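*Asks:* Predicted model follows, preceded by the sequence.
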Amino acid sequence: MCAMSSSSSTAISTGTSRTKILFLGMRRSGKTSILQVLFDDLPVKQTFYLEPTMRVAKHFIDTVIPLEIWDCPGNVTVDTLGASLADFSTIVFVIDIRDLYQHPVSKLVEFIVAACQINPDINLEVFVHKAERLQEDDKIENFRQIHERVMDRLVDESPEFEQFPLNFHLTSIYDHSLREAFSRVLHKLIDSLPYLEELLNVFCSNTASPKAFLFDTSSKIHVATDTSPVDQATHNLCCDYLSMLNSFGPLYKSNANDPRTSRFSPTPAPTPPPTATTSTPTSGTSPVGTPPLPTSSTSPVPPSKPHFYPSAATSLSPSRPGTTLTYHLVTPHLALLALLPTTVYDMRRGLVEWNVVWFREGVREIWVSGLRGGLEDTG
Amino acid sequence: MGASGSGKTSMRSMIFSNNPASLTSRLGATIDVEQNHVRFLGDLILNLWDCGGQDAFMDSYLSTQRSVIFSHVGVMIYVFDVESREMEKDLEYYRDCLDGLSQFSKDANVFLLVHKIDLVRDTERNAVVQRKVAELEKASGETPVKVFGTSIYDESLYKAWSNIVNTLIPNARNLSKHLRIFAEACSATEVILFERTTFLVIATSSRTDSSDAFPSGPVVLHALDPKRYERTSELIKAFKQSCSRLREEFRSLEMELAEFTAVLDEMTKNTYVLVVVHDPVIETAAIKMNICMARKKFEELQGDSLISEK
Ligand SMILES: Nc1nc2c(ncn2[C@@H]2O[C@H](COP(=O)(O)OP(=O)(O)OP(=O)(O)O)[C@@H](O)[C@H]2O)c(=O)[nH]1
Ligand SMILES: Nc1nc2c(ncn2[C@@H]2O[C@H](COP(=O)(O)OP(=O)(O)O)[C@@H](O)[C@H]2O)c(=O)[nH]1
Ligand SMILES: [Mg+2]
């Protein structure tokens, strides 16, 4: 089971209380593929060779909040699960979009009924999966039918389910719809979400950015975004941009003895915030001090640039005004991605960076308190 | 050249028309010869002949159309499907084509692509390609050939095609020399020049191996991923595609990552340059400035080299 755990599972043994998510669905509906593509960097084409899951496999993921995701075999039941449904914050049920028969629906309904008895607050999500297999019209029709059947069956169980909040998402590992859906699932679990959104809103308004995301860099799931609506194309571009940057890093990484490798400690201390400022971006919070984390005090860093934060920018459309897509790593796993007018990026770089620093302070505060396990809502 | 279904039109559409690999399954068989003129490096015009590979066409190329097909050939690229079940027949056609070349275009370069290697499992890929290389070299007799394993699903295609177009770039050596001087000025570990539309590599200067080490200064040898050039082409082309889906156009990229600092920007009207620096003191702004200053020189160089060819 350890082999299945995510690469970012640094805190498995520490007793942090993890938010638990349960993945259910028929055999070969795509549960293991989803989790391995998102969290283990499995190339999409390789999912073809995945063996059937025989026992529950647990993924430990440290993103903005610590997660524990259970990947179950297709034949698991409420009784054989080996845990109470009360332990889970969310159940994700994966249905193959071509699977219009009764079986997956019955199973789903069985779990929903059981879950609601034990844990009425549980979030229930349905991934109508492998959506790319169908043409647009069929896709919508099948999605609608699955939705309708599940709701009908639930009402058959009890009329109370009429208004039941069950969320349906169209997903596929072949595009970023999966990431978008998972983001929505995750957002409901992040207590500090309003606070993160507020930080992003402030960043956007200070830098004239039309859209900014806080992304988990390796899974490319956004953990928060400003309150302007998410345009799918922009979201996809950000995911593609992250993929490209993730690939570039190792490509030109030098294996020679390189002073640079010691330059970036994965958990750098925050830059001291600009002094004597009373108008912090988020009222009611003060910037945190250096978190109690290991620092590389021996790094041969030139004094002019005391800390090193990975960042990148790509300029799009050669015509003025043009857009620049920026990337700033703010914690070891989280990056701020923002669309900026190129004029702002080119001419007012200082302003942008100043705002990044403030943003980073705010996120770190949440991240550090998350690491300590006691997540409190600061917003 | 190559048997029907071996993947000729697919690779052409990926390299020269920026189509994604996923769209190639919609291509129909090529009827007779499809001729294409593509601009490369602005003024160099490549005349691509994509020869439909069905037997009837092949027979006609080798008989009635023989002189038309095999005259004025600069490069012959012969594509073999790695899973071909008719290797004997493929080789027979191939040998006939070599004959045609020796008759009408003695100086043509010959490239052989063992294609669709993605269909072979990772672990066996090297061995399979090695075996094919031996087989193909034997079939080529005296003719010098270069063999590459390729797939439209990974960077191998860019590697092969960068090699192919390199034989066509006049004065490539001079370009490399100046690239090296430029690299030194930037304290760059590596500088790569790409053709603008295809993102094929046309010249590189690297401090990674001693034969290419800088003559002066403290020489730091860096060991970098051997597939980096082709992977870069692949990554940038994929990203350009994502940008175009948003009706945006990719222009430039700068990165200060944990591992290195780099700038990718326009060098001349027809080229892009990637400068990779491992010295942590150097900032992207300095690199951008250097690129700016080198632009004029490289425009001239490119102009010269093309004029000298005519
Ligand atoms: N798996 C795999 N399939 C490929 C690759 N390259 C091309 N194909 C597929 O092979 C099929 C035939 O490709 P074409 O490019 O039309 O073949 P062609 O050589 O032009 O064929 P003719 O025009 O009849 O001579 C298409 O369905 C492509 O998607 C590859 O690298 N790997
Ligand atoms: N076309 C398509 N196939 C998928 C998708 N996700 C998973 N698959 C395939 O579905 C099969 C079963 O996946 P697996 O993850 O083992 O299913 P599990 O039994 O639910 O864990 C594999 O062959 C995957 O390649 C998808 O989004 N689209
Ligand atoms: Mg063809």
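*Replies:* Happy to help now that I have it. Ligands and ions are numbered 1, 2, ... in the order given.
*Asks:* isn't B:A21 right next to B:M14, touching?
*Replies:* Yes - between B:A21 and B:M14 there is a contact at 6.4 Å, judged by Cβ atoms under 8 Å. For the C-beta atoms, the positions are set from N, CA and C on the backbone; glycine is no exception.
*Asks:* More neighbours: those two, which one.
*Replies:* Neighbours per residue (other Cβ atoms under 10 Å in any protein chain shown) separate B:A21 from B:M14, with B:M14 holding more: 23 against 17.
*Asks:* give me phi/psi at the nearest residue to the more buried one once chain neighbours are set aside?
*Replies:* Distances taken as Cβ to Cβ, 6 or more residues apart in numbering or on different chains place B:I152 nearest to B:M14, at 5.5 Å, with adjacent residues excluded. Torsion angles at B:I152 (phi, psi; degrees, to the nearest 10) stand at phi -70, psi -10.
*Asks:* Do you have the strands of chain B handy? List them.
*Replies:* B:33-40, B:44-51, B:75-81, B:109-115, B:145-150, B:190-195, B:201-206, B:250-256, B:261-268, B:271-277 (DSSP state E).
*Asks:* just chain A next, same as before
*Replies:* Using DSSP E, strands in chain A cover A:19-25, A:57-62, A:66-71, A:90-96, A:123-129, A:166-170, A:211-216, A:221-225, A:311-316, A:323-329, A:334-341.
*Asks:* between the ones you listed, which one is nearest to chain B?
*Replies:* strand A:311-316 (4.1 Å; Cβ to the nearest Cβ).
*Asks:* buried stuff in the one helix or strand in chain B whose mean pLDDT sits lowest?
*Replies:* Least confident helix or strand, chain B: helix B:284-309 with a mean of 79, by mean pLDDT, DSSP states H and E. Neighbour counts over helix B:284-309 (16 or more other Cβ atoms under 10 Å in any protein chain shown) mark B:T284, B:I287, B:N290, B:I291, B:A294, B:R295, B:F298, B:L301, B:Q302, B:S305, B:L306 as buried.
*Asks:* Next, the angle strand B:190-195 makes with that helix.
*Replies:* If you take axes from the mean of the first three to the mean of the last three Cα atoms, to 10 degrees, helix B:284-309 sits at 50 degrees to strand B:190-195.
*Asks:* so where's the stretch 151-300 of chain B uncertain?
*Replies:* Residues of the stretch 151-300 of chain B meeting the criterion pLDDT under 70: B:208-222.
*Asks:* Now mean neighbour count too, for the strands of chain B, in CSV please.
*Replies:* Converted to CSV, these look like this (neighbours: other Cβ atoms under 10 Å in any protein chain shown):
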stretch, mean neighbour count
strand B:33-40, 14
strand B:44-51, 16
strand B:75-81, 21
strand B:109-115, 23
strand B:145-150, 21
strand B:190-195, 24
strand B:201-206, 22
strand B:250-256, 22
strand B:261-268, 22
strand B:271-277, 25
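*Asks:* Contacts only, for residue 129.
*Replies:* This is for chain A. Contact partners of A:H129, counting by Cβ atoms under 8 Å, 6 or more residues apart in numbering or on different chains, are A:G25, A:S29, A:G30, A:I34, A:V94, A:I95, A:D96, A:I97, A:T171, A:S172.
*Asks:* ah, I was thinking of chain B
*Replies:* B:V114, B:I117, B:V147, B:G149.
*Asks:* Roughly how far does it sit from ligand 1?
*Replies:* According to Cβ to the nearest ligand atom, to the nearest Å, B:V129 stands 13 Å off from ligand 1.
*Asks:* do B:T143 as well
*Replies:* Counting by Cβ to the nearest ligand atom, the gap from B:T143 to ligand 1 is 22 Å.
*Asks:* can I see the domain layout of the chain?
*Replies:* Looking at chain A here, since you left the chain open. A:2-187, A:193-371 (automatic domain parsing).
*Asks:* sorry, should have said chain B
*Replies:* Domains of chain B are assigned by automatic domain parsing as B:8-166, B:172-309.
*Asks:* now the ones you listed in a markdown table, with distance to A:T90?
*Replies:* Shown next, in a markdown table, are those (distance: least, Cβ to Cβ, whole Å):
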| stretch | distance to A:T90 |
| --- | --- |
| domain B:8-166 | 32 |
| domain B:172-309 | 30 |
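*Asks:* mind putting the strands of chain A in CSV, distance to ligand 2 and mean pLDDT included?
*Replies:* As requested, the strands of chain A are arranged in CSV below (distance: least, Cβ to the nearest ligand atom, whole Å; pLDDT from 0 to 100):
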stretch, distance to ligand 2, mean pLDDT
strand A:19-25, 5, 94
strand A:57-62, 9, 91
strand A:66-71, 7, 93
strand A:90-96, 6, 95
strand A:123-129, 6, 95
strand A:166-170, 10, 94
strand A:211-216, 20, 96
strand A:221-225, 16, 96
strand A:311-316, 28, 90
strand A:323-329, 27, 95
strand A:334-341, 24, 95
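*Asks:* With B:L257 as the reference, name the closest of these.
*Replies:* Judged by Cβ to Cβ, the one of the strands of chain A that comes nearest to B:L257 is strand A:311-316, at 6.9 Å.
*Asks:* Closest to chain A out of the contacts of B:V129?
*Replies:* Nearest member of those to chain A, counting by Cβ to the nearest Cβ, is B:I117, at 13.5 Å.
*Asks:* Grab the most central residue of the chain for me.
*Replies:* Just so you know, I chose chain A. A:I221 (3.2 Å; Cα atoms, centre = their mean).
*Asks:* hm, I was asking about chain B
*Replies:* For chain B, the residue nearest the mean C-alpha position is B:S162 (2.0 Å; Cα atoms, centre = their mean).
*Asks:* returning to that earlier point: between the strands of chain B, which one is closest to chain A.
*Replies:* Nearest of the strands of chain B to chain A, taken as Cβ to the nearest Cβ: strand B:250-256 at 4.2 Å.
*Asks:* and A:G30, what does it touch?
*Replies:* Neighbour list for A:G30: A:T47, A:V94, A:D96, A:H129, A:K130, A:I173 [criterion: Cβ under 8 Å, 6+ apart].
*Asks:* what separates the residue lying closest to A:S311 once chain neighbours are set aside from ligand 1, distance-wise?
*Replies:* Excluding its sequence neighbours, the residue lying closest to A:S311 (Cβ to Cβ, 6+ apart) is A:H328, at 4.7 Å. Counting by Cβ to the nearest ligand atom, the separation of A:H328 from ligand 1 is 37 Å.
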